[in-house]
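Undergrad: sequence? don't have it. structure:
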């Protein structure tokens, strides 16, 4: 057997030099006259170890990382292909604590297989869910997903099965499945990793929803900031179509389902589902009022299932292993697993898929190892730019939709951004307002105008101009935005602002003005 | 000096792009992407062409082009450098990275150096949040940007 070397092509790994490492390894192989197969896999998500190179040996895989091009020669000298010892050796990748502690259901194959090999996908359990689904009635598929307790992983946490049922029950000549891959929240990268590292699982998930609801056409709307994900998904769709996974007869069944990859154009608000639908239709990404729900009148006015990447990518395993298997993980009304994305100023950052219920403290201190800079952690923003900033006092909050809501926060898309004690929370609150002002679609006045007024008022507080009065004004403004905006952009911008005000009041005290000498 | 093709040439080229893509469902964004891909920006003179072929008003097409941050009204520099300025990168000093790059290039965000070498833009998240601060240079992702990597980037855009 030809030796096999895995070098990730996930964009996180590429950003840390994986391409140069791959070139160095290829050059070293040819110089030594060794024939080996290089597989470009996705990432396992332990970004503090990327670029992580793995070698398949008789005793299983052996990992090395983080590898620099200058390490390649010594790796080969140390017997890389036999899993030889080296200062960068990490041993069995599955035994690395960050990876061993996870429960990988949705990300079971991510970082392990060649993302564009349908054969490898099937060999690792892929397509089993879709095979079961095409043999079932639509109502049974929907019932199974409902029973699993899967809730929308995009942030809203709406029960996925209920959304599907509405579309299944809607009578129409044409229905659509739309995958929201406009992952714009800072601190999140789970969607990107799946699309780059295991795109077939998303295709399989979408095909299952197609069969379950009678929809025949799907769109994946990917943000333009993700060029590698766009390329991987587009290629995977072609491969799936050629193999008969997509097309007029899905896996030989009477169901037709095909899909297209579409690219966004740099508007954050298009991550909001109705604005995404407008964008897909070729319009300005303006938010629509609900009702009508997209499930009744969505894309081009037809019944439409619109789900996040992770929700859809979790469907194949639910169909394969059953609702009870999935539901068994988690706590309260948050069932199954959630891919945490531990980001920002963190020592061990990356993707960590686990059952709901870990506390924020366990995630930051225990798994993440504290801040990257080694300074004390001051604040953690959970759920992206629209999520609340939590101080250390709230680190006992379990990762669960309801537990976060109870403490005026949200888990959103499960991005966790860590800040050390050099963070200025007034600046962060100002940024939240500024971001909302730039990205507002302009439909609702509190969002469009309020965010600009918010920036101005926070600037006044920073300059020490009537701080008491202006703090009251910001609070009042947040209240207006929260209740007077149609979507989460205007409605949730108050979360980071108010949480910064509530938990870090010292940062909003005017700096003592230096008295002129004498 | 980059020679701009004459307007009629631009219009004819745009018309063929629209003809190729107008049967897509919701064709406007894919058409605009393709136009920007081929011209490097969305020239004003293509808007009436698109409008007439898609049976839209010019105002509607203008509205869409101006809504999205991605579409340029003018050609960019030979290199496009995007620096992530979102929260995760802020927590790892993206402000300082931006300040240093701006000082070295003598331009602000949304500007192009006078020699046309590089256009500098902010971007709000590249999905490299466990490798902050991050940047995108001509479509190449760069993580954990530090002083050394800034120097490499500057050398690349000036070459």
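TA: Happy to help now that I have it. None of the values given here were measured: they were computed from a predicted structure.

Undergrad: Name the SS class of the residue nearest to the spatial centre of chain B, please.
TA: In chain B, the residue lying closest to the centroid (CA atoms, centre = their mean) is residue B:70, at 5.6 Å. Under DSSP: H, G, I helix; E, B strand; the rest coil, residue B:70 falls in the coil class.

Undergrad: ok, now which ones touch it?
TA: If a contact means CB atoms under 8 Å, 6 or more residues apart in numbering or on different chains, then residue B:70 has A:224, A:264-267, B:36 as its contacts. C-beta: built from backbone N, CA, C; applies to glycine.

Undergrad: again with residue A:196
TA: A:9-11, A:42-43, A:115, A:228-229, A:232.

Undergrad: please redo it, this time with the cut-off set to 6 Å
TA: A:10, A:42, A:228-229, A:232 (CB atoms under 6 Å, 6 or more residues apart in numbering or on different chains).

Undergrad: now swap in residue B:97 and tell me
TA: Per CB under 6 Å, 6+ apart, neighbours of residue B:97: B:133, B:145.

Undergrad: For residue B:144, see how far away it is.
TA: Counting by CB to CB, to the nearest Å, the gap from residue B:97 to residue B:144 is 11 Å.

Undergrad: Could you do residue A:247 as well?
TA: Noted for residue A:247: a distance of 43 Å to residue B:144, by CB to CB.

Undergrad: ditto for residue A:252
TA: For residue A:252, the distance to residue B:144 - CB to CB - is 47 Å.

Undergrad: Which one's more surrounded, these two?
TA: residue B:144 (17 against 9; other CB atoms under 10 Å in any protein chain shown).

Undergrad: is it true that that one touches residue B:133?
TA: No: using CB atoms under 6 Å, residue B:144 is not in contact with residue B:133; the gap is 7.3 Å.

Undergrad: which ones are touching residue A:281?
TA: Counting by CB under 6 Å, 6+ apart, residue A:281 touches residue B:26.

Undergrad: Before we move on, what's the pLDDT of it?
TA: With respect to pLDDT, residue A:281 has a value of 98.

Undergrad: Look up phi and psi at it.
TA: With angles defined as degrees, to the nearest 10, residue A:281 sits at phi -80, psi -10.

Undergrad: where do the helices sit along chain B?
TA: Using DSSP state H, the helices of chain B run over residues B:7-21, B:28-39, B:46-54, B:58-67, B:87-90, B:94-105, B:147-158.

Undergrad: most tightly surrounded among those helices?
TA: Looking across the helices of chain B with neighbours counted as mean count of other CB atoms under 10 Å in any protein chain shown, the highest average goes to helix B:87-90: a mean of 31.

Undergrad: Residues in contact with that one: which ones?
TA: A:186-187, A:343-344, A:381, A:417, B:129, B:132-134.

Undergrad: what's the average pLDDT for that helix?
TA: The pLDDT scores in helix B:87-90 average 98.

Undergrad: Also stretch B:18-38?
TA: Stretch B:18-38 comes out at a mean pLDDT of 97.

Undergrad: So which bits of the stretch 301-450 of chain A are right by chain B?
TA: The stretch 301-450 of chain A has residues A:343-345, A:349-350, A:381, A:417, A:419 near chain B, with proximity defined as CB under 6 Å from any CB of the partner chain.

Undergrad: Sort out for me which of those are in strands.
TA: A:343-344, A:350, A:381, A:417, A:419 (DSSP state E).

Undergrad: pLDDT added to those, as a markdown table?
TA: Putting those into a markdown table (pLDDT from 0 to 100) gives the following:
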| residue | pLDDT |
| --- | --- |
| A:343 | 98 |
| A:344 | 97 |
| A:350 | 98 |
| A:381 | 98 |
| A:417 | 98 |
| A:419 | 98 |
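
Undergrad: Can you tell me which of those comes closest to residue A:81?
TA: residue A:350 (26.8 Å; CB to CB).

Undergrad: What sits closest to the spatially most central residue of chain A if chain neighbours are left out?
TA: Against the mean C-alpha coordinate of chain A, by CA atoms, centre = their mean, the closest residue is residue A:190 at 3.0 Å. Once flanking residues are discounted, residue A:190 sits nearest to residue A:339: 4.3 Å by CB to CB, 6 or more residues apart in numbering or on different chains.

Undergrad: Which of the three states applies to the one you found?
TA: strand.

Undergrad: Surely it is in contact with residue A:354?
TA: No: with contact defined as CB under 6 Å, residue A:339 does not reach residue A:354; the gap is 8.3 Å.

Undergrad: Looking at those two, which has the bigger crowd around it?
TA: residue A:339 (28 against 21).

Undergrad: Show me the contact partners of stretch B:18-36.
TA: A:280-282, B:14, B:17, B:42, B:46, B:50, B:53, B:64, B:71.

Undergrad: That stretch spans what distance, first to last residue?
TA: Terminal residues of stretch B:18-36 are spaced 13 Å apart (CA to CA, to the nearest Å).

Undergrad: hmm, which two among the contacts of helix B:87-90 are most spread apart?
TA: A:381 and B:134 (16.9 Å).

Undergrad: higher neighbour count, the two?
TA: Counted by other CB under 10 Å, residue A:381 and residue B:134 do not tie: residue A:381 has more neighbours, with 34 against 29.

Undergrad: ok, now which ones touch that one?
TA: Residue A:381 neighbours (CB under 6 Å, 6+ apart): A:387, A:389, A:417, B:87.

Undergrad: For the second one, grab the count of nearby residues.
TA: By that I understand residue A:389. Neighbour count of residue A:389, defined by other CB under 10 Å: 29.

Undergrad: Can you tell me which residues in chain B are near chain A?
TA: Of all the residues in chain B, those lying near chain A are B:26, B:28-29, B:63-64, B:67-70, B:86-88, B:91-92, B:125-131, B:139, B:141-143, going by CB under 6 Å from any CB.

Undergrad: quick one: buried residues of stretch A:404-419?
TA: Neighbour-count burial for stretch A:404-419 flags A:404, A:409-419 (criterion: 16 or more other CB atoms under 10 Å in any protein chain shown).

Undergrad: How about residues contacting that stretch?
TA: A:155, A:185, A:187-188, A:338, A:340-346, A:377-384, A:387-388, A:394, A:397, A:401, B:87-88, B:91.

Undergrad: in chain B, which segments are predicted with low confidence?
TA: Counting by pLDDT under 70, chain B shows low-confidence ranges at B:1-5.

Undergrad: Show me the domain layout of it.
TA: Under the assignment automatic domain parsing, the domains of chain B span B:7-67, B:79-158.

Undergrad: Centre of chain B to the edge, which residue is at the far end?
TA: Extreme point of chain B relative to centroid (CA atoms, centre = their mean) is residue B:55; 27.2 Å.
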